[in-house]
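> Got a sequence here, can you build the structure:
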Amino acid sequence: MFNFFKKKKKEPRIEDIYPKILTSGGLSEPHHGETCGFFYRFFADVVKITNPKNILEIGTNRGASALAMLLVSEANVTSIDLIRPEKSINTLKLLFGDRFNFVQMDSQNLDKKKEWVN
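Residues are numbered from 1 along each chain as shown. Predicted coordinates for the structure are as follows:
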């Protein structure tokens with residue numbers, strides 16, 4: 001007999017995981033202005049709806065938006081920035097392995113990297 005009152009296994013929520021990683025010191029300090037929390041939820045919602053296989057993020061800063069997108073999907077994220085946030089790269093690689101890739105470069109040179117576009 002089906003039990004309607006049986007507790008379902010709770011899926012981890014981005015609201016629970018995301019702040020813990022941000023405040024644990026796992027990510028580098030922002031090297032310039034940072035997007036507010038609303039936009040991380042927006043990025044996560046867009047990724048959930050579109051279910052991409054690959055994401056190219058222009059501007060890593062400390063990796064907070066990459067973290068949000070990786071938490072809610074199985075997508076591969078390639079993030080580019082002029083400044084290399086070593087601590088963030090290490091944390092995201094540790095948490096997500098090959099699903100996260102960082103390239104230190106100027107986004108103005110993206111047209112020379114057309115093999116990235118599927």
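> who does the lengthiest helix in the chain touch, helix- and strand-wise?
Criterion DSSP state H: the longest helix present in the chain is helix 37-50. Taking 3 or more C-beta pairs under 8 Å, 6 or more residues apart in numbering; DSSP states H and E as contact, the helices and strands that helix 37-50 lies on are helix 14-23, helix 64-71. Quick note: C-beta positions are derived from backbone N, CA and C, even for glycine.
> That one versus helix 64-71: what angle between them?
Here helix 37-50 runs at an angle of 30 degrees relative to helix 64-71 (axes from the mean of the first three to the mean of the last three C-alpha atoms, to 10 degrees).
> Show me the contact partners of helix 37-50.
Residues from elsewhere that reach helix 37-50, judged by C-beta atoms under 8 Å, 6 or more residues apart in numbering: Ile14, Tyr18, Ile55, Ala64, Ser65, Ala68, Met69, Leu71, Val72, Ser73, Ala75.
> Flag every buried residue along it.
Buried residues in helix 37-50, defined by neighbour count with 16 or more other C-beta atoms under 10 Å: Tyr40, Phe43, Ala44, Val47.
> Show me where the protein dips below the pLDDT cut-off.
Across the chain, the ranges flagged by pLDDT under 70 are 1-38, 112-118.
> again, only using 90
Along the chain, segments meeting pLDDT under 90 span 1-45, 59-65, 67-68, 71, 83, 85, 87-88, 107-118.
> tally of neighbours for Ile89?
Ile89 has 21 neighbouring residues, counting by other C-beta atoms under 10 Å.
> Next up, the contacts around it.
So Ile89 contacts Gly63, Phe100, Phe102 (C-beta under 8 Å, 6+ apart).
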